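Undergrad: I'd like to go over a predicted model; first the sequence, then the structure.
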Amino acid sequence: MTGALTGSMEIWLEPVGPGTVVHWFLRADPPAAKPGRRGLREREQRVRRWKTHRFALKDRVEGAERVT
């Protein structure tokens, strides 16, 4: 992947019972990675934003049906 971040990302789906599990792996850094705590903080913020989007998609796709 390229753009605001550079690195690699994998997303794969696994059927489980009546639902699906989304697996993901992301390794990405800004093109000019910031050193130290600033860089770690930015990376953590991006991960949290991705998780927020992923869970919103999950909720939208599942609707009222939840797999427990």
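TA: Alright, I've got the coordinates. Here the structure is a predicted model, which means the values were calculated and not measured.
Undergrad: from P15, how far out is the most centrally placed residue in the chain?
TA: For the chain, W50 is the residue whose C-alpha lies nearest the centre (Cα atoms, centre = their mean; 4.1 Å). Distance of W50 to P15, given as Cβ to Cβ, to the nearest Å: 23 Å. For the C-beta atoms, the positions are set from N, CA and C on the backbone; glycine is no exception.
Undergrad: for E62, same thing?
TA: Taking Cβ to Cβ as the measure, E62 falls 14 Å from P15.
Undergrad: same thing with G39?
TA: In this view, G39 and P15 are 37 Å apart by Cβ to Cβ.
Undergrad: what do you get for R27?
TA: Distance, R27 to P15, by Cβ to Cβ: 26 Å.
Undergrad: those two: which has the busier surroundings?
TA: Neighbours per residue (other Cβ atoms under 10 Å) separate R27 from P15, with R27 holding more: 11 against 8.
Undergrad: assumed the more buried one was part of a helix.
TA: No - secondary structure of R27 (DSSP: H, G, I helix; E, B strand; the rest coil): strand, not part of a helix.
Undergrad: hmm, it is touching S8, no?
TA: Yes - assessed by Cβ atoms under 8 Å, R27 is found in contact with S8 at 5.4 Å.
Undergrad: excluding chain neighbours, what is closest to V22?
TA: Excluding the flanking residues, the one nearest V22 by Cβ to Cβ, 6 or more residues apart in numbering is L13, at 6.0 Å.
Undergrad: give me the pLDDT value at that neighbour.
TA: With respect to pLDDT, L13 scores 90.
Undergrad: now for the helix or strand where it lies, which elements pack on it?
TA: Using DSSP states H and E, L13 maps to strand 6-16. Here strand 6-16 touches strand 19-29, going by 3 or more Cβ pairs under 8 Å, 6 or more residues apart in numbering; DSSP states H and E.
Undergrad: that concludes my questions; thank you for your assistance.
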